[in-house]
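Asker: Structure for the following, please:
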Amino acid sequence: KLTGGIAHDFNNMLQGIGGSLDMVRRRIADGRIAEVQRFLDPARHSVDRAAGLTRRLLAFARRQRLEPKPVDADALVAGMADLIRRTVGPAVSLELRLRDGKARVLCDPGELESALLNLCINARDAMPQGGRLTIDTEDVCLSAADACDQEGPAPGSFVAISVTDTGQGMPAEVVERAFEPFFTTKPQGHGTGLGLSQVYGFARQSGGLVRLQSAPGEGTTVRLCLPQHERVETAEGQSAAAAPETAGTDMAVLLVDDDDTGREAAAERLRELSYRVLEAADGPAALHLLDGGVRVDMLVTDVGLPNGMNGRQVAEAVQERRPGIPLLFITGYAGTELPPGSEVIDKPFELDTLARRVQAALARH
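Answerer: Model (predicted):
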């Protein structure tokens, strides 16, 4: 079921990318350059859809890269209210029943927003004729027995965020399979079947759990429980400093990635900013360049590399040779633990995003 779902969705996305590139090639060959853009935008959209699919798969496998922070769940839900209302439409009324926001949870706020939006979309789809959507929060204390069916988290204090709809509800056999990836009761083309599996994976990776209650004709409640966090201070809302608009012409970047196509495109984008870019396909090749005496001002390395050294090991070896050098990890999979506070950019990324991150890192250095 899983592999079939992946193959179906990715083949659709690859068809969109490949077909668009074929048309771009034909238009360029015919000299019709002005028509190229109309095919590039759908290709970019397919890439974004594919990136969303891999994020959901990693979430289900509890292997996504999270950036946990102390989060005021009440404030986060309240801040999403307008977005949720626009998403569910005027036929669904939204009611918020929030606590006073004293307790915080430790989680990735972006992933919590994504999980809540998934649950609200599911609720909307369960109420095709309209209805009421209720989101409430409460402090709860869970014992070991409360979570025994989900490899339970440690007992303690949690914040429960519940999403309840007045829709058609689910029979027991559907409830039993609801968290399976690619399992869906929606018509083909109306959802990937990854929404609830993403919520499940996010909750478990964050040290919490998720529960589902539903019955035909009685609506559905999904309860997301995340562990409370004792700290009350937070850096929420602080925006990162804007990256500089210009790049230095005498700065060298060592770019390490075993994927030739992706590495060459990234290198060309950085060269457009007048950086000198040294390319290496693995760790030993990167260290050979350094040991040859070349000057390097920054290291950008993939995390998953062949030939005996992963990205973290490459970074450690480079730092031994160039103490204090700025580092930026790029990764498509969070399988390797990185040092706390590491600068990371997730694949697939836009080349302008990479350029801004490199500019900002070198400016700070």
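
Asker: can you tell me how far the closest residue to Gly208 other than its chain neighbours sits from Ala91?
Answerer: Distance criterion Cβ to Cβ, 6 or more residues apart in numbering; nearest residue to Gly208, sequence neighbours excluded, is Leu226 at 4.2 Å. (C-beta placed from N, C-alpha, C; glycine too.) Noted for Leu226: a distance of 30 Å to Ala91, by Cβ to Cβ, to the nearest Å.

Asker: more crowded one of those two?
Answerer: Leu226 (26 against 11; other Cβ atoms under 10 Å).

Asker: which stretch of helix or strand covers the more buried one?
Answerer: strand 220-229 (DSSP states H and E).

Asker: Could you list the buried residues of the next helix or strand after that strand?
Answerer: As assigned by DSSP H and E, the chain's next helix or strand after strand 220-229 is strand 252-256. Within strand 252-256, the residues scored as buried using 16 or more other Cβ atoms under 10 Å are Val253, Leu254, Leu255, Val256.

Asker: neighbouring contacts of strand 252-256?
Answerer: For strand 252-256, contacts defined as Cβ atoms under 8 Å, 6 or more residues apart in numbering pick out 263, 266-267, 270, 275-283, 285-286, 289-290, 294-302, 305, 311, 314, 318, 358.

Asker: What of stretch 109-120?
Answerer: Applying Cβ under 8 Å, 6+ apart, the set of residues contacting stretch 109-120 is 59, 64, 66-67, 69, 71, 73, 76-77, 80, 83-84, 87-88, 105, 133, 135, 161, 163, 195-196, 198-199, 202-203, 206, 222, 224, 226, 236.

Asker: What residues of that stretch count as buried?
Answerer: Pro109, Glu111, Leu112, Glu113, Ser114, Ala115, Leu116, Asn118, Leu119, Cys120.

Asker: What is the subsequent helix or strand relative to the helix or strand hosting the third one?
Answerer: According to DSSP H and E, Leu112 maps onto helix 109-125. Moving toward the C-terminus from helix 109-125, the first helix or strand encountered (DSSP H and E) is strand 131-142.

Asker: Name the strands paired with that next one and say parallel or antiparallel.
Answerer: If you go by DSSP bridges, strand 131-142 pairs up with strand 92-97 (parallel), strand 156-165 (antiparallel).

Asker: Pull the first one out as CSV, backbone CA atoms only.
Answerer: Below are the C-alpha coordinates for strand 92-97, written out as CSV (Å, rounded to 0.1, in the frame of the first residue of the first chain):
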residue,chain,number,x,y,z
VAL,A,92,-18.5,25.5,8.4
SER,A,93,-18.6,27.6,11.6
LEU,A,94,-15.4,27.7,13.7
GLU,A,95,-15.5,27.8,17.5
LEU,A,96,-12.4,28.1,19.7
ARG,A,97,-12.4,27.0,23.3
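
Asker: Report the angle between that strand and helix 109-125.
Answerer: Interaxial angle, strand 92-97 versus helix 109-125 (axes from the mean of the first three to the mean of the last three Cα atoms, to 10 degrees): 130 degrees.

Asker: re earlier: and the contacts of strand 252-256, which of them are in strands?
Answerer: Of the positions in the contacts of strand 252-256, Arg276, Val277, Leu278, Glu279, Ala280, Met298, Leu299, Val300, Thr301, Asp302 sit in strands, assigned by DSSP state E.

Asker: Can you add distance to Val210 and neighbour count and give those back as TSV?
Answerer: Formatted as TSV, those follow (distance: Cβ to Cβ, whole Å; neighbours: other Cβ atoms under 10 Å):
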residue	distance to Val210	neighbour count
Arg276	49	16
Val277	44	20
Leu278	46	19
Glu279	44	17
Ala280	43	21
Met298	41	21
Leu299	39	25
Val300	37	26
Thr301	35	26
Asp302	33	22
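
Asker: Out of these, which comes closest to Pro42?
Answerer: Asp302 (27.7 Å; Cβ to Cβ).

Asker: what about the stretch 51-200 of the chain, any weak spots by pLDDT?
Answerer: 56, 58-66, 101, 144-152, 182, 185-194 (pLDDT under 70).

Asker: Dump the buried residues of stretch 109-120 into TSV; add distance to Phe349 as well.
Answerer: Shown next, in TSV, are these (distance: Cβ to Cβ, whole Å):
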residue	distance to Phe349
Pro109	20
Glu111	18
Leu112	22
Glu113	20
Ser114	18
Ala115	23
Leu116	25
Asn118	23
Leu119	28
Cys120	28
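
Asker: quick revisit: name the member of the buried residues of strand 252-256 with the shortest distance to Arg38.
Answerer: Using Cβ to Cβ, those come closest to Arg38 at Leu255, 32.0 Å.
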